[in-house]
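[1] dropping a prediction and its sequence here:
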There are 2 protein chains.
Amino acid sequence: MSRFLSDKYQMLKAYTPGEQPREAGLIKLNTNESPFPPSPKVIEAIDSSASAGLNRYSDPDAAWLVKAISRYYNISENRIIVGNGSDELLAFSFMIFQNQNRKIYFPDITYGFYKVYAEVFGADARRLRLNDHLTIDIEGYFNLDGTIVLANPNPPAGTAVSCANVENILKTNKNNLVIIDEAYVNFGAESGLQLIEKYDNLLVIQTFSKDRNLAGARIGMAFGHEEIIKDLHKIRYSFNPYNLNRLSILAGAASVSDKGYYEMCTEKIKAVREKFVSDMENLGFFIIPSLANFVLVRHDKISGYDYYIALKEKNILVRYINEKRIGDYVRITIGSEEDMEALTEATKEIFDRGEGLR
Amino acid sequence: MSRFLSDKYQMLKAYTPGEQPREAGLIKLNTNESPFPPSPKVIEAIDSSASAGLNRYSDPDAAWLVKAISRYYNISENRIIVGNGSDELLAFSFMIFQNQNRKIYFPDITYGFYKVYAEVFGADARRLRLNDHLTIDIEGYFNLDGTIVLANPNPPAGTAVSCANVENILKTNKNNLVIIDEAYVNFGAESGLQLIEKYDNLLVIQTFSKDRNLAGARIGMAFGHEEIIKDLHKIRYSFNPYNLNRLSILAGAASVSDKGYYEMCTEKIKAVREKFVSDMENLGFFIIPSLANFVLVRHDKISGYDYYIALKEKNILVRYINEKRIGDYVRITIGSEEDMEALTEATKEIFDRGEGLR
C-alpha cells in the first residue's frame, strides 16, 4: 500500500479471479469458459484489414455491435449497452444505482464480485441466505427496500429461478431496481429479457464470455428501460467512453450473426453436462442440479480441497472456493466431452489409489 | 435519467469525446490518432490463431505485454500496470489517490476528462490558471496540499514542461502524489520516466493510442513506485480484473517489439508538424508552439467555430473546443503529409472565397 491510497480503500479486499495458468496440456475447467473456439465468422472477421485499422479509435457507441444484438434479440438499441466484459457493467451498476439507504441485496453465496463492488462503492450489502440446496429463497426477495442483484443461474451451484419468479420479485419491488445477472442463462435457464418491455425496474446483464465462446474478447451487455441504459451510458462516458476496442466490436458482432454455431455449442454443453452429471453420480458424487455450464460437486470420501489438489496433480484445474457452506465442494466447468471423460477417469484413479481420501 | 440513479450522479456532466464519424473520404484530424497503421508486427500477431483462442479469458496480469514494456523501458515489472486505455488508469487514480482534504490540482485548460473524474469521484478540483500562451505556471504547483495532475505536453495547445521542472514539482510536493499524463510525450517532450526510481510520489501515465498507432486497441500504461502500482492493481482487481482483452495484449506486445517502426512514425509526425506549422504561419495563423501531435491555431480573420465548420464542409474534421480562452482556436491533429496539405489548401480556398470570414 502506498502512502497516497485514500483511507476508504485501505481495507478493501479485491476479488480473486480463478487461476489463469498458461501451461500447455492442462485441462482447464475452473473459470467457466467454453471449450469451443469462437464462431468461424469471428475468426474471419479478425483479419489483417481489421488490425490495420487499429490506429483509429473504436466507436464509443459500438454501434455495429449494438445493432447486431438489437436485431438478434429484437430489442431496440436504446435499451442496450455494451461493456468491457459484464464485470464493467456490474461495476457501473453498483456504483450508480444506490437508493437513499444504499442497501443492495444479493444471496450469501453467489458471484464473489458482488460483495467487492458493494464495498468499493460504499453500498450496504445485505446477503440473504440461500436455501439448503443452494437455491434462492424467492420470497425473501419480496418487498425489499434496496437494489436487488441476482445471478440466474446462480454460481457456484448453477441453480436457477424461473421467469415467473423473477416477475414476482419485480412486481413486489416496484420502487427497487432488480438486476438479473444472466451470465449463464443460455445453458438451460429462463431469461428475463422477455420482461424488459413490461417492467421499468429490471436490468438484465449478459456476457459473451460463456455461451458465445468469447471470454478473451471481454464483451458484456445490459438490457433495460431506456432511462436506465442512459444512466449507464452517462457513467460510461464519465469513466471510459472507448470501453470496447475495435477488434472486440467486430468479434462480438460476427458472433451474434452466427446463430447456428451458437446453438450448436450451447446444446453440446448441455448434453455433455447431463452425461457428466450421470457419470459422477455413478461414482457416488452429490451434485446440485445445475442449469449452467458448471456443476458443484461433493463426495463423502474426499474433501473439496483435497479433491481440487488431487485433480490439479493430474493436470486438471477446477475451482475450489474456500467459503462457508460450500467448502466441501468443488466447482467444475463443463468442457468438451473428452475433458469431462478425462476428469471422471482421473477421479476413478484418485479413488482407486486412495489419494487424499478421508 | 431513471428513478434509480443515485443523487450524487444526477447532476454529473459526462465527458464529450471527439466526433467519431464513420464516413469514407473524411480527413479525420480531430482526436489525435496516428495516420499510420500499426506496426506490421501487430498485423502479423493478430492472425486467425489469435482469434481462435478467444474462448479463453485473457491473462488478468497481461504478463506478456507488461514484460515487453518492462524490457523496452528497462523498468521492472512491478512498477508497471496496463489499463483499458489510459483513461481507465486515470479514472482509477482519481478514484483512489485522494488525500484527506480531497484536493486535486490541475490546469484550468487541459484534458477535459480530469474535471469529470474529479466530479465522479468526489474530489475537490482546483484548477490552476495557465499562463497567457497556455503554458503551465510551474511555480504555481510548488508546495501544494493535494494530488497534482499534469498532462505533459498539455492539450489542447501541446505546451510542455521540462523534466527538470517536473522534478522541481516532485521535490516541493513530497507528500503529494504527482501524476504526469504523458499521452503525447513522445512527439518531442521530455518524459518523467527517468525519475520513477528516484521519487516515490510520481505516477507516469502513457498510452498506445497516439505514438504507437493503436487507439483502437485501447491500451494504457502507468509507471510508478511499486506500492502505487500495487494500489492500482488492487482497485483493478476490485473493478474489472480482465480489463485487457487477448488481442490487445498481443497487439501491444508486438508493437513494443518494433522499435524501428515506432521511431520512424514519431519522427515523421514531428517533421510533418514543423512543415505544417510553417505553412499555416505563412497563411497568417497564430500557433502556440506544440510538442505534441496536434497544434492549436487561430486566425484574426475567422472565428474558431467558423473555421471548424468551414473545414467540415470540405470533409476535414478538426476539434473545436467551446471553452473560455480557447474558443477562438481550433485544435488540429498532425496527420499524414497529404492530410495536412489538403488542410492548408482547403484553408486557402476558404480565405479566397471569404467563407465564414469575420
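    Sure, I can see it.

[2] tell me, how many residues neighbour A:Tyr111?
    23 (other C-beta atoms under 10 Å in any protein chain shown). For the C-beta atoms, the positions are set from N, CA and C on the backbone; glycine is no exception.

[3] what's it in contact with, if anything?
    A:Tyr111 makes contact with A:Ala151, A:Asn154, A:Pro155, A:Asp181, A:Ala183, according to C-beta atoms under 8 Å, 6 or more residues apart in numbering or on different chains.

[4] again, but for A:Asp211
    Here A:Asp211 is in contact with A:Ser34, A:Tyr184, A:Asn186, A:Phe187, A:Tyr262, A:Cys265, A:Thr266, A:Ile269, A:Asn293 (criterion: C-beta under 8 Å, 6+ apart).

[5] rebuild the contacts of A:Tyr111 as a markdown table, extending it with secondary structure.
    A markdown table is the format used below for the contacts of A:Tyr111 (DSSP: H, G, I helix; E, B strand; the rest coil):
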| residue | secondary structure |
| --- | --- |
| A:Ala151 | strand |
| A:Asn154 | strand |
| A:Pro155 | coil |
| A:Asp181 | strand |
| A:Ala183 | coil |
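
[6] now, among these, which is nearest to chain B?
    A:Ala183 (12.9 Å; C-beta to the nearest C-beta).

[7] quick one: that closest one and B:Ile46, what's the gap?
    Counting by C-beta to C-beta, to the nearest Å, the separation of A:Ala183 from B:Ile46 is 27 Å.

[8] which of the contacts of A:Asp211 sit farthest apart?
    A:Tyr184 and A:Tyr262 (14.5 Å; C-beta to C-beta).

[9] more neighbours, these two?
    A:Tyr184 (27 against 20).

[10] test my guess that that one contacts A:Asn32.
    Yes: with contact defined as C-beta atoms under 8 Å, A:Tyr184 reaches A:Asn32; the gap is 7.3 Å.

[11] what is in contact with the two at once?
    Between them, A:Tyr184 and A:Asn32 share the contacting residues A:Pro155, A:Lys210, A:Ala292, A:Asn293, A:Phe294, judged by C-beta under 8 Å, 6+ apart.

[12] among the residues you listed, which lie within helices?
    With helices defined by DSSP state H, no entry of those lies inside them.

[13] and the residues you listed as a markdown table, adding distance to chain B?
    A markdown table is the format used below for these (distance: C-beta to the nearest C-beta, whole Å):
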| residue | distance to chain B |
| --- | --- |
| A:Pro155 | 15 |
| A:Lys210 | 10 |
| A:Ala292 | 16 |
| A:Asn293 | 12 |
| A:Phe294 | 14 |
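
[14] by neighbours, which of the residues you listed wins?
    Neighbour-wise, these (other C-beta under 10 Å) top out at A:Ala292, 31 neighbours.

[15] my read: that one touches A:Pro156, true?
    No: between A:Ala292 and A:Pro156 there is no contact under C-beta under 8 Å: 9.0 Å.

[16] next, count neighbours for the residue of the stretch 251-358 of chain A found nearest chain B.
    Using C-beta to the nearest C-beta, the single residue of the stretch 251-358 of chain A nearest to chain B is A:Ala251, 6.4 Å away. A:Ala251 has 31 neighbours, counted by other C-beta under 10 Å.

[17] what does it show for phi and psi?
    phi -60, psi -40 (degrees, to the nearest 10).

[18] model confidence at it, what's the number?
    According to the prediction, A:Ala251 has pLDDT 98.

[19] now for A:Ala70: which residues touch it?
    I think there's a mix-up here, since residue A:70 is Ser and not Ala. A:Ser70 neighbours (C-beta under 8 Å, 6+ apart): A:Ser76, A:Glu77, A:Ile80.

[20] now the lengthiest helix in chain A: how far from the chain's centre is it?
    Ranked by residue count under DSSP H, the longest helix found in chain A is helix A:259-282. Here helix A:259-282 shows a centroid-to-chain-centroid distance of 18 Å under the convention C-alpha atoms, centre = their mean, to the nearest Å.

[21] packing partners of that helix?
    Helix A:259-282 makes packing contacts with strand A:286-287, strand A:294-298, helix A:337-353 when contacts are defined by 3 or more C-beta pairs under 8 Å, 6 or more residues apart in numbering or on different chains; DSSP states H and E.

[22] helix or strand next in line after the second one, which one?
    It refers to strand A:294-298. helix A:304-313 (DSSP states H and E).

[23] now do stretch A:257-266: distance to the chain's middle.
    19 Å.

[24] need the contact partners of it.
    A:34, A:36, A:39-42, A:68, A:72, A:186-187, A:211-213, A:255.

[25] again, only using 6 Å
    By C-beta atoms under 6 Å, 6 or more residues apart in numbering or on different chains, the surrounding residues in contact with stretch A:257-266 are A:Phe36, A:Ser39, A:Lys41, A:Asn186, A:Asp211.

[26] list the buried ones in that stretch?
    A:Ser257, A:Asp258, A:Tyr261, A:Tyr262, A:Cys265, A:Thr266 (16 or more other C-beta atoms under 10 Å in any protein chain shown).

[27] report the contact partners of A:Gly224.
    Counting by C-beta under 6 Å, 6+ apart, A:Gly224 has contacts A:Leu203.

[28] from B:Ala253, how far out is it?
    With C-beta to C-beta as the criterion, A:Gly224 and B:Ala253 are 37 Å apart.

[29] how about A:Asn213?
    Taken as C-beta to C-beta, the span from A:Asn213 to B:Ala253 is 23 Å.

[30] one more: A:Ala160?
    40 Å.

[31] A:Glu190 too?
    For A:Glu190 relative to B:Ala253 (C-beta to C-beta), the value is 42 Å.

[32] those two: who's more crowded?
    The neighbour count for A:Glu190 versus B:Ala253, taken as other C-beta under 10 Å, is higher for B:Ala253 (23 against 17).

[33] what kind of secondary structure is the more buried one in?
    helix.

[34] give me the neighbour count for the nearest residue to it once chain neighbours are set aside.
    Once flanking residues are discounted, B:Ala253 sits nearest to B:Ala68: 4.1 Å by C-beta to C-beta, 6 or more residues apart in numbering or on different chains. B:Ala68 has 18 neighbours, counted by other C-beta under 10 Å.

[35] so B:Ala68 sits against B:Ala254, correct?
    No: B:Ala68 is beyond contact range of B:Ala254, at 8.3 Å (criterion: C-beta atoms under 6 Å).

[36] quick one: contacts for A:Ile332?
    A:Leu29, A:Val295, A:Val318.

[37] just among these, which is most surrounded?
    Busiest of the contacts of A:Ile332 [other C-beta under 10 Å] is A:Leu29, holding 26 neighbours.

[38] enumerate every residue touching that one.
    A:Val318, A:Ile332, A:Thr333, A:Gly335.

[39] OK, contacts around the first one?
    Meaning A:Val318. A:Leu29, A:Asn30, A:Tyr308, A:Leu311, A:Val330, A:Ile332.

[40] same question, the last one
    For A:Gly335, the contact set (C-beta under 6 Å, 6+ apart) comprises A:Leu29, A:Pro35.

[41] ditto for the one 5 residues further on
    Counting by C-beta under 6 Å, 6+ apart, A:Met340 touches A:Val272, A:Phe276.

[42] which positions in the stretch 151-300 of chain A make contact with chain B?
    With C-beta under 6 Å from any C-beta of the partner chain as the criterion, the stretch 151-300 of chain A meets chain B at residues A:177, A:213-218, A:227-228, A:231, A:234, A:237-242, A:245-248.
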